[in-house]
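*Asks:* Output the structure for:
(one chain, ligands or ions: 2)
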Amino acid sequence: MPKVLISDKMDPRAAQIFRERGVEVDEKPGLSKEELVAIVGGYDGLAIRSATKIGRDVLNAANNLKVVGRAGIGVDNVDIPAASAKGVVVMNTPFGNSITTAEHAIALMFALARQLPEADASTQAGKWEKNRFMGVELTNKTLGLIGAGNIGSIVADRAIGLKMKVIAFDPFLSAERARELGVEKVALDELLARADFITLHTPLTDQTRNILSAENLANTKKGVRIINCARGGLIDEAALKKGLESGHIGGAALDVFVEEPATASPLFGTPGFISTPHLGASTSEAQVNVAIQVAEQMSDFLLTGAVTNALNMPSVSAEEAPRLRPYMALAEKLGSLVGQLAHGGLSAISIEVEGAAAELNQKPITGAVLAGLMRVYSDTVNMVNAPFLAKERGLDVREVRHDREGDYHTLVRVSVATSEGERSVAGTLFGDYKPRLVELFGIKVEADLTGPMLYVVNEDAPGFIGRIGTALGDAGVNIGTFHLGRRAAGGEAVLLLSVDTPVPQATLDTVAKLPGVKRVKPLHFDR
Ligand SMILES: NC(=O)c1ccc[n+]([C@@H]2O[C@H](COP(=O)([O-])OP(=O)(O)OC[C@H]3O[C@@H](n4cnc5c(N)ncnc54)[C@H](O)[C@@H]3O)[C@@H](O)[C@H]2O)c1
Ligand SMILES: O=C(O)CC[C@@H](O)C(=O)O
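*Replies:* Ligands and ions are numbered 1, 2, ... in the order given. Predicted coordinates for the structure are as follows:
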């Protein structure tokens with residue numbers, strides 16, 4: 001009988017479902033890391049919320065572990081690459097607490113508008129400061145939504161019900177989906193300039209870290225009120241404090257902090273600041289939802305091998321898996337390449353297969369392309385939920401199977417429609433197992449997509465290779481591989497370099513200023 005440890009406080013229905021399904025279960029919330037490391041070797045599954053941290057130390061000791069189930073959305077407390085390397089499936093429950101978290105954001109917006117915590121404290125202290133607490137109405141105010149995924153969309157819906165005007169910044173929001181939600185899609189600068197309230201609903205990624213930086217906070221409308229129920233790290237906390245103290249920011253409500261538990265934040269006591277201890281998902285309804293869902297998913301996996309909402313494993317049957325695996329690696333890399341390079345909102349994507357690839361089940365290949373593409377924007381995307389999320393966001397997904405012989409024995413092509421026109425990349429498998437890029441935006445160029453890389457578009461002219469080699473060499477960046485392609489002699493050329501270490505920003509700026517360079521972009525791929 002498989003054995004699961006519930007290592008965070010979870011609704012009792014989770015343990016009940018495990019037992020009913022025939023899974024042995026221990027409930028030990030609040031273990032120290034040392035205590036967890038000492039006992040984790042005895043379990044096939046770990047059911048967690050956000051308190052248990054699953055890093056390399058825990059995984060090294062977890063010699064029987066097959067699955068980690070997160071009763072919630074964010075998985076930043078799990079080292080997913082390390083879990084994958086260990087062969088441990090990581091699952092989450094992507095929708096169970098969305099409504100609850102959206103409601104918390106709305107509650108904090110009201111609390112800011114009417115200074116409810118301060119007014120409550122003052123009244124209960126025996127003062128009757130009727131003149132001190134002058135609030136603002138939400139009606140007709142502009143709410144700026146940063147991130148319009150599951151939770152952001154629900155916040156938009158509720159805010160529209162409150163007669164607010166909702167504007168949204170989300171690179172993945174299509175015009176059609178924005179219309180459906182009744183929100184106006186805007187650029188970040190415009191959102192900062194127009195919003196009376198700003199609420200954040202993105203994951204914490206390289207793109208979103210400090211999205212409300214000191215500079216962006218300075219560009220907000222005077223008196224703006226800010227709510228963060230997503231992740232600490234999206235706002236520069238020191239700059240937020242300064243903005244509140246100067247009066248430029250009219251109020252801020254944080255449910256999440258850079259350091260959690262936040263027991264001594266410099267923000268505490270700042271005028272206009274209110275906080276909750278990461279309570280976004282804390283309602284009985286949400287906790288029942290995520291507890292039931294995580295227990296069902298984990299039991300199914302441990303007892304039957306069925307995979308739902310896994311972040312690091314595709315849903316593929318046992319027979320298909322060995323043939324599909326290299327294609328999924330190729331597809332994920334092509335999706336990631338397109339996601340990292342495409343400018344502007346994406347409205348449509350087409351995934352074409354030909355040769356040997358056309359003989360396979362195309363769904364997992366499509367799922368892998370979409371997961372690679374959307375993981376650039378959201379760390380909660382997986383191969384199972386990527387097609388669903390793409391549909392929900394209004395991304396038109398087309399699958400084409402060609403019955404023709406091309407230049408390669410097998411080929412996967414990914415084309416996206418962007419505001420700048422169609423962009424297409426293609427790849428093949430060398431030796432039936434090794435993913436290899438063969439075409440990039442209409443230019444023949446062969447490369448392995450792996451680790452840190454650099455993409456440069458330049459005018460094809462003598463001397464360029466020497467100059468870029470010198471620029472990288474001067475910065476101590478070692479080039480691993482060097483791949484060139486061009487449209488025609490003297491025309492546009494592309495250069496894809498794999499580098500041993502990511503290229504520093506100053507060197508990217510130097511490369512961007514080299515004669516003939518049109519675009520420079522650092523890329524990153526899983527190995
Ligand atoms: N406070 C809590 O207790 C609590 C509870 C649940 C979820 N969360 C957090 O809330 C956040 C949102 O969850 P969700 O379920 O809506 O996720 P989601 O993946 O459905 O939506 C995230 C959205 O952010 C967008 N996005 C990504 N990068 C962006 C960028 N650079 N700029 C603007 N938008 C960008 C994505 O396109 C997507 O639409 C996550 O960080 C999650 O961990 C917190
Ligand atoms: O489990 C919690 O209380 C928080 C969950 C939340 O941060 C999430 O990402 O789902």
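*Asks:* those helices in the stretch 1-150 of the chain, which residues are they?
*Replies:* For the stretch 1-150 of the chain, the helices defined by DSSP state H, counting those that start in this stretch occupy 13-21, 33-39, 56-61, 80-85, 98-114, 116-124, 150-161.
*Asks:* Is ligand 1 within reach of the fourth one?
*Replies:* No. Counting by C-beta under 6 Å from any ligand atom, no contacts exist between helix 80-85 and ligand 1, the nearest distance being 13.7 Å. Where you see a C-beta, it was placed from the backbone N, CA and C, and this is true even at glycine.
*Asks:* Quick one: mean pLDDT for that helix?
*Replies:* Helix 80-85 carries an average pLDDT of 79.
*Asks:* Report the buried residues of the helix or strand bottoming out on mean pLDDT in the chain.
*Replies:* In the chain, no helix or strand scores lower on mean pLDDT, DSSP states H and E than helix 386-392, which sits at a mean of 76. For helix 386-392, burial by neighbour count (16 or more other C-beta atoms under 10 Å) applies to 386-387, 389-390.
*Asks:* and of those, the nearest to Val40?
*Replies:* Proximity to Val40 was ranked across the buried residues of helix 386-392 by C-beta to C-beta; first place goes to Ala386, at 29.9 Å.
*Asks:* And the closest one, how close does it get to Ala306?
*Replies:* According to C-beta to C-beta, to the nearest Å, Ala386 and Ala306 sit 18 Å apart.
*Asks:* before we move on, what about His201?
*Replies:* Per C-beta to C-beta, His201 is found 30 Å from Ala306.
*Asks:* Nearest the middle, which residue of the protein would you pick?
*Replies:* Ser378 (1.7 Å; C-alpha atoms, centre = their mean).
*Asks:* returning to that earlier point: what does the least confident helix or strand of the chain contact?
*Replies:* For helix 386-392, the external contacting residues (C-beta atoms under 8 Å, 6 or more residues apart in numbering) are 149, 177, 349, 363, 366-367, 370-371, 373-374, 378, 381, 397.
*Asks:* Now do the very next helix or strand once past that helix: distance to the chain's middle.
*Replies:* Using DSSP states H and E, the next helix or strand after helix 386-392 towards the C-terminus is strand 396-402. Mean-position distance between strand 396-402 and its chain equals 25 Å (C-alpha atoms, centre = their mean, to the nearest Å).
*Asks:* Give me the mean pLDDT for strand 396-402.
*Replies:* Rounded mean pLDDT across strand 396-402 is 95.
*Asks:* Counting by contacts, list what that strand packs against.
*Replies:* The contact analysis (3 or more C-beta pairs under 8 Å, 6 or more residues apart in numbering; DSSP states H and E) places strand 396-402 against strand 346-355, helix 362-374, helix 386-392.
*Asks:* repeat that for 10 Å
*Replies:* strand 346-355, helix 362-374, helix 386-392, strand 410-418 (3 or more C-beta pairs under 10 Å, 6 or more residues apart in numbering; DSSP states H and E).
*Asks:* which one of His201 and Ala306 has more residues nearby?
*Replies:* Just comparing His201 and Ala306: by other C-beta atoms under 10 Å the higher neighbour count belongs to His201, 28 against 12.
*Asks:* got a list of what the more buried one touches?
*Replies:* 98, 101-102, 105, 145-156, 168, 170, 227-231, 234 (C-beta atoms under 10 Å, 6 or more residues apart in numbering).
*Asks:* which non-adjacent residue is nearest the residue in the stretch 151-300 of the chain that ligand 2 sits nearest to?
*Replies:* Nearest to ligand 2, among the residues of the stretch 151-300 of the chain, is Ala281, at 3.9 Å (C-beta to the nearest ligand atom). In space, and not counting its chain neighbours, Ala281 is closest to Asn97: 3.8 Å by C-beta to C-beta, 6 or more residues apart in numbering.
*Asks:* again with Gly45
*Replies:* Distance criterion C-beta to C-beta, 6+ apart; nearest residue to Gly45, sequence neighbours excluded, is Val4 at 3.9 Å.
*Asks:* ok, that neighbour touching Phe18?
*Replies:* Yes. Applying C-beta atoms under 10 Å, one finds Val4 in contact with Phe18, separated by 5.6 Å.
*Asks:* Show me whatever sits in contact with both of those two.
*Replies:* Contacts common to Val4 and Phe18, judged by C-beta under 10 Å, 6+ apart, are 24-27, 45, 47, 294-295, 298-299, 302.
*Asks:* Can you flag the buried ones in those?
*Replies:* Buried members of the shared contacts of Val4 and Phe18, counted by 16+ other C-beta under 10 Å: 25, 27, 45, 47, 294-295, 298-299, 302.
*Asks:* okay if I get these as TSV plus pLDDT and distance to ligand 1?
*Replies:* As requested, these are arranged in TSV below (pLDDT from 0 to 100; distance: C-beta to the nearest ligand atom, whole Å):
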residue	pLDDT	distance to ligand 1
Val25	98	24
Glu27	98	21
Gly45	98	22
Ala47	98	17
Val294	97	14
Ala295	97	19
Met298	94	19
Ser299	93	23
Leu302	89	25
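*Asks:* Please identify which pair of the residues you listed lies farthest apart.
*Replies:* The widest separation within the buried ones among the shared contacts of Val4 and Phe18 (C-beta to C-beta) is 16.8 Å, between Glu27 and Leu302.
*Asks:* Quick one: end-to-end distance for stretch 178-191.
*Replies:* Chord length of stretch 178-191, first to last residue, is 15 Å (C-alpha to C-alpha, to the nearest Å).
*Asks:* Give me the contact list for that stretch.
*Replies:* So stretch 178-191 is contacted by 142-146, 148, 152-157, 159-160, 165-171, 173-175, 177, 192-195, 198, 211-212, 216, 219-221, 345, 392-394 (C-beta under 10 Å, 6+ apart).
*Asks:* near ligand 2, which residues of this structure show up?
*Replies:* 49-50, 72-74, 97, 278, 280-282.
*Asks:* Drop anything exposed from these.
*Replies:* For the residues of the chain next to ligand 2, buried by 16+ other C-beta under 10 Å: 49-50, 72-74, 97, 278, 280-282.
*Asks:* contacts with ligand 1 among the residues you listed, please.
*Replies:* 73-74, 97, 278, 280-281.
*Asks:* Where does pLDDT dip in the stretch 351-500 of the chain?
*Replies:* Along the stretch 351-500 of the chain, segments meeting pLDDT under 70 span 380, 382-385, 388.
*Asks:* hmm, back to that, and which of the residues of the chain next to ligand 2 is nearest Gly466?
*Replies:* Of those, the one sitting nearest to Gly466 (C-beta to C-beta) turns out to be Gly74, at 46.2 Å.
*Asks:* Check the gap between the closest one and Gln505 for me.
*Replies:* Gly74 is 28 Å from Gln505, by C-beta to C-beta.
*Asks:* same check, this time on Gly431
*Replies:* As judged by C-beta to C-beta, Gly431 and Gln505 stand 37 Å apart.
*Asks:* host element of Arg519?
*Replies:* Here Arg519 is assigned to strand 517-525, by DSSP H and E.
*Asks:* Report the angle between that strand and helix 362-374.
*Replies:* Orientation check (axes from the mean of the first three to the mean of the last three C-alpha atoms, to 10 degrees): strand 517-525 against helix 362-374 gives 120 degrees.
*Asks:* List the buried residues of strand 517-525.
*Replies:* Using 16+ other C-beta under 10 Å as the test for burial, strand 517-525 gives 517, 520, 522-523, 525.
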